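S.K.: Sequence and predicted structure below; questions after.
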Amino acid sequence: MNLPRVAAVVLAAGSSSRLGQPKQLIEFEGQTLIRRTVGTVIASMVDLVVVTTSVNGIGFEEELEGMKWTRAVVENPQLGQSESVKAGLHAVEARGGFDAILLTPCDLPLLSISHLNELIATYQSGKWDIVASRYGGTLGAPLIVGRELWPELHELRGDVGVRKILPAHLQTTAAVMWEEGKFDIDTPKDIKMLTSRGGS
């Protein structure tokens, strides 16, 4: 029996408006967040890695040199995170043959291969519609959404992510504990905290 195939989408088209600088290019332990995230995802058990970028965004190609990934251009990033989710999903659907999509932002500096693999293994071993990370009492990204729910992702509008559809599917959602998920990069204060942990 073949295991379900999982494609990953790294959401990297955001403008980082609250931060005042591109969070994708912030460095942590000698790597930019975009390169660190994409490298971590590639090293996991996913079968495809898509990276979303804005139509006039930063040139991530140089940062991701030597890595195997597929670009999904977000035509209207100003309309919110939902546009990134849908652009990434379109790219996965265009390739065909995938049973689930793993979505992760690029501002989780403590993202690990082991956590991603635990999410994937949980999805592959059960009849779940969603497998989400749990931290601080919250369910969120990175998370996996099965193909049956992809039509709901296409209906997302505005600055919302997959959390929008979670409440309607809690009975078929598995949670994988990951307390490191509480730490992301949104404000200058977060950068200072990151630096204190060994960033640059």
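M.R.: Alright, I've got the coordinates.

S.K.: lowest-confidence helix or strand of the chain?
M.R.: Least confident element among the helices and strands of the chain, by mean pLDDT, DSSP states H and E: helix 188-196 (a mean of 61).

S.K.: Can you tell me the centre-most residue of the chain?
M.R.: Thr104 (1.1 Å; Cα atoms, centre = their mean).

S.K.: so it touches Leu11, yeah?
M.R.: Yes. Contact criterion Cβ atoms under 8 Å: Thr104 and Leu11 qualify, at 6.9 Å. No exception for glycine: its C-beta is placed from N, CA and C like everyone else's.

S.K.: Quick one, grab the pLDDT at Leu64.
M.R.: With respect to pLDDT, Leu64 scores 89.

S.K.: what does Val176 give?
M.R.: At Val176, pLDDT is 96.

S.K.: before we move on, what about the one 10 residues further on?
M.R.: At Asp186 the predicted local confidence, pLDDT, stands at 61.

S.K.: top strand in the chain by residue count?
M.R.: Using DSSP state E, we find that the single longest strand of the chain is strand 138-146.

S.K.: can you count the residues close to Glu65?
M.R.: 8 (other Cβ atoms under 10 Å).

S.K.: Offset the numbering so it begins at 8, please.
M.R.: Sure, I'll start counting at 8 from here, so that last one is Glu72.

S.K.: Secondary structure of it: a strand, I assume?
M.R.: No. Counting by DSSP: H, G, I helix; E, B strand; the rest coil, Glu72 is not found in a strand; it is coil.

S.K.: any idea how far it lies from Phe35?
M.R.: Distance of Glu72 to Phe35, computed by Cβ to Cβ, to the nearest Å: 18 Å.

S.K.: a strand runs through Ala101, doesn't it?
M.R.: No. The assignment for Ala101 (three-state DSSP) gives helix, which keeps it out of a strand.

S.K.: residues contacting Val56?
M.R.: Ala14, Ala15, Val17, Val45, Val48, Ile49, Met74, Lys75, Trp76, Thr77 (Cβ atoms under 8 Å, 6 or more residues apart in numbering).

S.K.: For it, list each beta-bridge partner.
M.R.: Ala15 (DSSP bridges).

S.K.: ok so, going back, Three-state assignment for the residue nearest to the centre of the chain, please.
M.R.: Thr111 ends up strand, using three-state DSSP.

S.K.: do Arg78 as well
M.R.: Going by three-state DSSP: Arg78 is strand.

S.K.: and if you look at Ser121?
M.R.: Under three-state DSSP, Ser121 comes out as helix.

S.K.: Measure how buried it is and give me the count.
M.R.: Using other Cβ under 10 Å: Ser121 sits among 10 other residues.

S.K.: Can you check what pLDDT the model gives it?
M.R.: pLDDT at Ser121 comes out at 97.

S.K.: quick one: it from Val16, how far?
M.R.: 20 Å.

S.K.: cool, Val169 as well?
M.R.: 10 Å.
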